[in-house]
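A.B. asks: Any chance you can model this:
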Amino acid sequence: MSRPGRPNVQKEGKGRERERRKGKERTKERERERTREKEIGKWERMRSVGKKEKKLKKA
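C.D. replies: Below is the predicted model:
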């Protein structure tokens, strides 16, 4: 049984399907990691800016 959009491909066994799903999950996980890193970086920068402003106020 072939699938639409994929000509002449036999329906894959469970193992193949599972492998592909694993890959998908891995990419999602990587994406999540990246967004988390971005968020952390943003807060770090904001904090450093805040510290600089405090120093300027004291001077």
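
A.B. asks: Only C-alpha atoms, please: export stretch 27-36 in PDB.
C.D. replies: Output in PDB follows, covering the C-alpha atoms of stretch 27-36 (Å, rounded to 0.1, in the frame of the first residue of the first chain):
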ATOM      1  CA  THR A  27      14.600  17.600  16.600                       C
ATOM      2  CA  LYS A  28      11.700  19.000  18.700                       C
ATOM      3  CA  GLU A  29      13.900  18.500  21.900                       C
ATOM      4  CA  ARG A  30      16.800  20.400  20.200                       C
ATOM      5  CA  GLU A  31      14.400  23.200  19.200                       C
ATOM      6  CA  ARG A  32      13.200  23.500  22.800                       C
ATOM      7  CA  GLU A  33      16.800  23.600  24.100                       C
ATOM      8  CA  ARG A  34      17.600  26.400  21.600                       C
ATOM      9  CA  THR A  35      14.700  28.500  22.700                       C
ATOM     10  CA  ARG A  36      15.600  27.900  26.300                       C
END
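
A.B. asks: Now for I40: which residues touch it?
C.D. replies: Neighbouring residues of I40 by CB atoms under 8 Å, 6 or more residues apart in numbering: there are none. Backbone N, C-alpha and C define where each C-beta goes, glycine included.

A.B. asks: shaky segments in this structure?
C.D. replies: The chain contains residues with pLDDT under 70 at 1-15, 59.

A.B. asks: Please enumerate the helices of it.
C.D. replies: 14-58 (DSSP state H).

A.B. asks: roughly how far apart are E44 and R32?
C.D. replies: Per CB to CB, to the nearest Å, E44 is found 19 Å from R32.

A.B. asks: brain fart, R26
C.D. replies: 11 Å.

A.B. asks: Thank you, goodbye.
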